[in-house]
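Fold the stuff below for me.
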Amino acid sequence: MEPIATPRRIPGAYMGSGARRLRRALRRLDARGNATIEFALMLPILLTLGLYGTELAYMASVRMEVGELASAVADNASRLGQTDNSGVTPTISESDITSLMAGAKAQGASFDFADKGRLILTSLERDPVTGKQWIHWQRCTGALTQQSAYGNETTRNGLNGPVITGIGPSKVTASANSPIMYVEVFYDYTPLFGSMYVDEVSFKQEAAYQVRDDRNTSTPPGGTTNRC
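Model (predicted):
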């Protein structure tokens, strides 16, 4: 009886299989390494674009809030005394304006308006004697040092100094017995990331509303509170 032949092992057969597995593993490591290197190279660019976009978005948001502040104060100023139910035509008082300015600071608290901004409220009226446009009174709030571009209540009020033909880009004017509440808001914007992406910039927003009801404008508010 002939012996049963046993299969012979071919040298290197299992070695070839292990080599293939090793090559596959190396290829996976190579792909992962390439992805890691690519991510490391792109990270600074992605980070720069992300921070720059954040800066621009925040700056636009603050600018919008400054504009909303100007519009809100002008609107509220035009309504002062509107809830007065007495039979006498209401007069805007200094305490009314003080409350208005306190509300403006509260509205701008989220972007530190009190320390970085300036709000100027001007009552533009038509003088009943001369018919000229004049600044009857003007009040301010905020720590920023700024003056109105259109005059003041003393030496450049339209009766004293240059004639006022209108104020603002659209040259608004007041009708007889109908004052215009004109607001200028200045704000120094401080970038989130210093001067890395944008420089410090100053915003200016303006708004005007006509007084809604009859007002007694014979005398301006008294006292020294909120004077410019």
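
For Trp134, give me phi and psi.
phi -150, psi 150 (degrees, to the nearest 10).

end to end, how far does stretch 216-228 reach?
Start-to-end span of stretch 216-228 (CA to CA, to the nearest Å) is 22 Å.

Could you give me the buried positions within it?
Judged by neighbour count (16 or more other CB atoms under 10 Å), stretch 216-228 contains these buried residues: Thr217, Pro220, Pro221, Asn226, Cys228. Heads up, the C-betas are built off the backbone N, CA and C, glycines and all.

Correct me if wrong, but the third one is in a helix.
No - remark: Pro221 does not belong to a helix; assigned using DSSP: H, G, I helix; E, B strand; the rest coil, it is coil.

which ones are touching the nearest residue to it once chain neighbours are set aside?
Counting by CB to CB, 6 or more residues apart in numbering, Pro221 lies nearest to Glu94, which is 4.1 Å off, once chain neighbours are set aside. By CB atoms under 8 Å, 6 or more residues apart in numbering, Glu94 lies in contact with Pro221, Gly222, Gly223, Thr225, Asn226.

ok, now with 7 Å
Pro221, Gly222, Gly223, Thr225 (CB atoms under 7 Å, 6 or more residues apart in numbering).

would you list these in CSV and tack on pLDDT?
Below are the contacts of Glu94 laid out as CSV (pLDDT from 0 to 100):
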residue, pLDDT
Pro221, 76
Gly222, 76
Gly223, 75
Thr225, 78
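
And for the nearest residue to Leu159 once chain neighbours are set aside, the neighbour number?
In space, and not counting its chain neighbours, Leu159 is closest to Trp134: 4.9 Å by CB to CB, 6+ apart. Neighbours of Trp134 under the rule other CB atoms under 10 Å: 20.

wait, doesn't Trp134 sit right on Thr154?
No - with contact defined as CB atoms under 7 Å, Trp134 does not count as touching Thr154 (11.3 Å).

May I ask which helix or strand of the protein has the lowest mean pLDDT?
When the helices and strands of the chain are scored by mean pLDDT, DSSP states H and E, helix 13-78 comes last with a mean of 79.

Beta-bridge partners for Ala208, please?
Ala208 forms beta bridges with Tyr182, as assigned by DSSP bridges.

For it, give its distance to Val198.
To Val198, Ala208 is 30 Å away according to CB to CB, to the nearest Å.

Please say which of the two ends up with more neighbours.
Taking neighbours as other CB under 10 Å, Ala208 and Val198 compare with Ala208 leading, 22 against 15.

Tell me the confidence at the more buried one?
pLDDT, Ala208: 96.

any idea how far it lies from Thr54?
Look at Ala208 and Thr54: by CB to CB, they are 34 Å apart.

And Thr154, by the same measure?
From Thr154 across to Thr54, the span is 45 Å (CB to CB).

quick one: average confidence on the helix or strand hosting Ala102?
Assessed by DSSP states H and E, Ala102 sits inside helix 94-107. Averaged over helix 94-107, pLDDT sits at 92.

mind listing what's buried in it?
Glu94, Asp96, Ile97, Thr98, Leu100, Met101, Ala104, Lys105, Gln107.
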